[in-house]
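In: predicted model follows, preceded by the sequence.
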Amino acid sequence: MSTTSPNFTVSALESVSDYMVRTFLRVPSSDSITNAAKKMLEANATEAIVCNDANNPIGIVTERDVLYRVVAAGKDPTSTKVLEVMSVPIVCVDENAPIAEPLLKMHDLRIRRIGVKREGQIIGLITQNSIVSKASERAS
């Protein structure tokens with residue numbers, strides 16, 4: 001049995017906006033982990049931007065945060081708040097930055113998701129998966 005690898009490339013000069021996901025889940029910081037996880041499941045999302053009472057982004061919660069900081073730590077997901085386990089700060093890049101910038105940040109910081117900003121507001125996410133998905137679509 002032989003397998004072949006997809007033949008696709010990502011140009012370091014392409015823009016972040018070419019690879020970002022424009023729709024993303026937001027959850028309030030006061031949500032329980034159980035509620036946030038249910039919302040993530042319904043949205044088929046592996047992350048959610050965490051917002052304060054004014055709906056301003058203050059962090060990000062990922063499936064790894066839930067697994068390691070709640071389940072493995074023996075915390076009760078029904079009483080543990082998203083605020084207690086979210087990752088901060090949200091690492092971000094400008095939408096017009098070259099794709100090399102978030103790739104380097106992901107590598108250097110050992111993270112898988114980066115916020116994309118326009119005029120200081122988060123307008124999307126760039127993820128390892130979004131980069132691979134877009135690159136493979138172009139190769140098809």
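Out: Received it, and whenever you're ready, just let me know what you need. Residues are numbered from 1 along each chain as shown.

In: can I get the longest helix seen in the chain in CSV, CA atoms only?
Out: Criterion DSSP state H: the longest helix present in the chain is helix 128-139. What follows is helix 128-139 as a C-alpha-only set of coordinates in CSV (Å, rounded to 0.1, in the frame of the first residue of the first chain):
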residue,chain,number,x,y,z
GLN,A,128,-3.1,25.5,11.8
ASN,A,129,-6.2,23.8,10.4
SER,A,130,-7.4,26.9,8.4
ILE,A,131,-4.0,27.2,6.8
VAL,A,132,-3.8,23.5,5.8
SER,A,133,-7.4,23.5,4.6
LYS,A,134,-7.0,26.6,2.4
ALA,A,135,-3.7,25.4,1.0
SER,A,136,-5.1,22.0,0.1
GLU,A,137,-8.1,23.6,-1.5
ARG,A,138,-5.8,25.6,-3.8
ALA,A,139,-3.9,22.5,-4.7
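
In: now it: how far from the chain's centre is it?
Out: 15 Å (CA atoms, centre = their mean, to the nearest Å).

In: do stretch 51-67 as well
Out: Distance, centroid of stretch 51-67 to centroid of chain: 10 Å (CA atoms, centre = their mean).

In: equivalent analysis for stretch 95-114, please.
Out: 11 Å.

In: how about it: buried residues?
Out: Residues 95, 97, 99, 102-103, 105-106, 111, 113-114 are the ones in stretch 95-114 that count as buried (16 or more other CB atoms under 10 Å). In short, each C-beta sits where N, CA and C put it, glycine included.

In: need the contact partners of it.
Out: 10-20, 47, 60, 62, 87, 91-93, 116-118, 123-129, 131 (CB atoms under 8 Å, 6 or more residues apart in numbering).

In: show only the entries of the buried residues of stretch 95-114 found in helices.
Out: Counting by DSSP H, the buried residues of stretch 95-114 place 102-103, 105-106 in helices.

In: do you know how far the residue nearest the centre of the chain is from Ala139?
Out: Geometric centre of the chain, nearest residue: Arg113, 3.7 Å, by CA atoms, centre = their mean. Counting by CB to CB, to the nearest Å, the gap between Arg113 and Ala139 amounts to 23 Å.
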